[in-house]
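Chemist: model the structure of this input:
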Amino acid sequence: MIPEAQWLLERERRSRREGSGLNQAALIGSWRLERIWGKGSLRPAAFGAALLRGLSARLQLALDGADQGGETMRLVNSVRLGALELRFDGVGRLQGRRPLLVFSFDRLRLLLGGRVLIERALPAPDPLRRPFFALIAAEGPGAGATPRWLAARGRGGGLALWLLEAGQTTK
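Modeler: Numbers count the residues shown, from 1 in each chain. This next block holds a predicted model:
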């Protein structure tokens, strides 16, 4: 079952008090954006979510092999239209008890059929203005066709819900 906004808001209040219990292992995978809610809204942003689903919006999270301490993750945020893909690559780290997934993107790429057309380095953001996702909750596979989902609130106040891509597993 995919949760509704009211249920997610209740979980969010609880995660602020008690933490979400989410760790890196629960986040690893390729996540397909399913729903978004504007700041303060209980109704999903139908047009925005449909547009992002149509563009195959994805958030991919993986352990950063270059990080010997195992504390950072590699992030890829991408949209795709046919063979054309716009992707932002970067790193993130969990912080705090809730936790926050604080991240920054260091590279922008435009690909056509997997071939890089444009690649640009991105400037580092102001450390006090780095984007983040305040992790609210996730649900693992259940009986039947229950999807695995992840919910978080972004720095701008919007709420997002992603579904784990078919065939993906978390470690």
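
Chemist: so Leu22 versus Ala83, what's the distance?
Modeler: Taking CB to CB, to the nearest Å as the measure, Leu22 falls 34 Å from Ala83. The C-beta positions use only the backbone N, C-alpha and C, and glycine is treated the same way.

Chemist: show me where this structure has its strands.
Modeler: For the chain, the strands defined by DSSP state E occupy 29-37, 58-63, 72-81, 84-95, 100-112, 115-121, 132-139, 149-154, 159-164.

Chemist: show me what the second one is in contact with.
Modeler: The one in question is strand 58-63. 24, 27-33, 70, 73-80, 92, 162, 165 (CB atoms under 8 Å, 6 or more residues apart in numbering).

Chemist: narrow those residues to those that are buried.
Modeler: Buried members of the contacts of strand 58-63, counted by 16 or more other CB atoms under 10 Å: 24, 27-33, 73-79, 92, 162.

Chemist: who has more neighbours, Leu22 and Ala83?
Modeler: Leu22 (19 against 10; other CB atoms under 10 Å).

Chemist: spatially central residue for the protein, please.
Modeler: The centre of the chain sits closest to Leu59, judged by CA atoms, centre = their mean, with a distance of 4.7 Å.

Chemist: partners of Trp149 in the sheet?
Modeler: Beta-bridge pairing of Trp149 under DSSP bridges involves Glu139, Leu163.

Chemist: ok, it - contacts?
Modeler: If a contact means CB under 8 Å, 6+ apart, then Trp149 has 2-3, 34, 138-139, 161-164 as its contacts.

Chemist: measure it to Gln95 for me?
Modeler: Using CB to CB, Trp149 is found at 22 Å from Gln95.

Chemist: for Phe105, which non-adjacent residue is closest in space?
Modeler: The shortest distance from Phe105 to any non-neighbouring residue, by CB to CB, 6 or more residues apart in numbering, is to Gly90 (3.6 Å).
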